[in-house]
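Enquirer: how would this look folded up:
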Amino acid sequence: MLKGAEEVKVYTPYGETSDKVTLGELAGRKVAFIPRHGKGHRIPPHRVNYRANIWALSELGVTRIIAPSAVGSLQPEVRPGQLVFPDQFIDVTKKREYTFYDGGPVAHVSVADPFCPELRTAAASRCKELALDFHGRGTYLCIEGPRFSTRAESALFKGWGAQVIGMTLVPEAVLAREKGMCYVTVAMVTDYDVWAERPVTAQEVVETLARNVEKVQRLLAVLVPTIPRRRHCNCGASMKDSIV
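Expert: Modelled structure (predicted):
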């Protein structure tokens with residue numbers, strides 16, 4: 001989708017990024033793209049170097065992140081093929097690197113509202129214009145992976161009221177907040193989680209994901225050029241009064 005695309009390697013204090021960063025233009029706007037799982041989907045979610053990825057994007061001058069991800073549904077009204085723009089998350093991951101502030105200055109960043117309201121509103125508006133089937137809010141439950149949930153876990157998560165379940169949101173969104181970057185996730189629902197007692201095949205998931213990717217590409221084509229060049233949210237001031 002990018003014009004004048006070129007790949008650059010960014011060296012970070014946190015090791016290798018998932019892959020090289022592709023720089024280019026989309027509708028006259030400068031865009032940087034990094035494949036979270038690496039080209040060929042070779043990096044499992046619990047081994048993604050989230051700190052390196054977010055640090056590299058910040059170093060390149062990125063101020064807003066639109067993060068597509070595949071998710072399962074935890075509620076019957078959230079159907080495969082739909083898009084969800086969560087406004088909250090629940091974190092049950094276990095062993096990831098969650099912060100840039102591991103020592104020296106200590107920081108306690110607020111993620112009471114973890115997603116950029118300006119980006120979420122813009123994304124929902126463009127979905128309406130494109131007549132895409134979506135949910136404008138919801139809770140994303142992030143598990144460690146790479147395994148899927150047991151039936152008992154899935155039923156528990158459903159009972160918590162979360163709408164979708166995935167493996168990549170945390171700590172990505174938190175690290176973006178520490179860097180003062182706007183962040184919104186575009187959750188692409190591929191299937192019902194195991195609570196639904198509806199077995200699905202890998203082929204069905206892949207086919208649904210392919211359709212969702214096409215929807216997200218259409219969304220990005222109209223969303224990116226309409227994002228205000230000047231931010232009107234508080235994401236850029238996220239670290240104010242957060243450092244002890």
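
Enquirer: SS state for the residue in the chain sticking out farthest from the centre?
Expert: Among the C-alpha atoms of the chain, the one most distant from their mean position (Cα atoms, centre = their mean) is that of G104, at 28.6 Å. Reducing the assignment to helix, strand or coil with DSSP: H, G, I helix; E, B strand; the rest coil, the entry for G104 is coil.

Enquirer: show me how far stretch 19-38 is from its chain's centre.
Expert: Distance of stretch 19-38 from its chain centroid, counting by Cα atoms, centre = their mean, to the nearest Å, is 15 Å.

Enquirer: what's the answer for stretch 98-116, then?
Expert: Counting by Cα atoms, centre = their mean, stretch 98-116 comes out at 17 Å from the chain centroid.

Enquirer: what residues of that stretch count as buried?
Expert: Neighbour-count burial for stretch 98-116 flags Y98, F100, Y101, A107, V109, P114, F115, C116 (criterion: 16 or more other Cβ atoms under 10 Å). The way it works is simple: take the backbone N, C-alpha and C, and place the C-beta from them, glycine included.

Enquirer: do you know how far the last one is from M1?
Expert: Applying Cβ to Cβ, to the nearest Å, one obtains 21 Å for the distance of C116 from M1.

Enquirer: what ranges does this structure have for its helices?
Expert: The residue ranges that make up the helices of the chain, judged by DSSP state H, are 50-59, 117-130, 151-159, 172-178, 202-223.

Enquirer: of the ones you listed, which approaches A237 most closely?
Expert: In this view, these are compared for proximity to A237 by Cβ to Cβ, and helix 172-178 is the closest at 10.9 Å.

Enquirer: residues near the closest residue to D193 other than its chain neighbours, how many?
Expert: The spatially closest residue to D193, leaving aside those adjacent along the chain, is G72, at 4.0 Å (Cβ to Cβ, 6 or more residues apart in numbering). Residue crowding around G72 was assessed by other Cβ atoms under 10 Å; the count is 27.

Enquirer: so how far is N212 from V186?
Expert: V186 is 9 Å from N212, where distance means Cβ to Cβ.

Enquirer: quickly list what's touching both of the two.
Expert: With contacts taken as Cβ atoms under 8 Å, 6 or more residues apart in numbering, V186 and N212 have L83 as neighbours in common.
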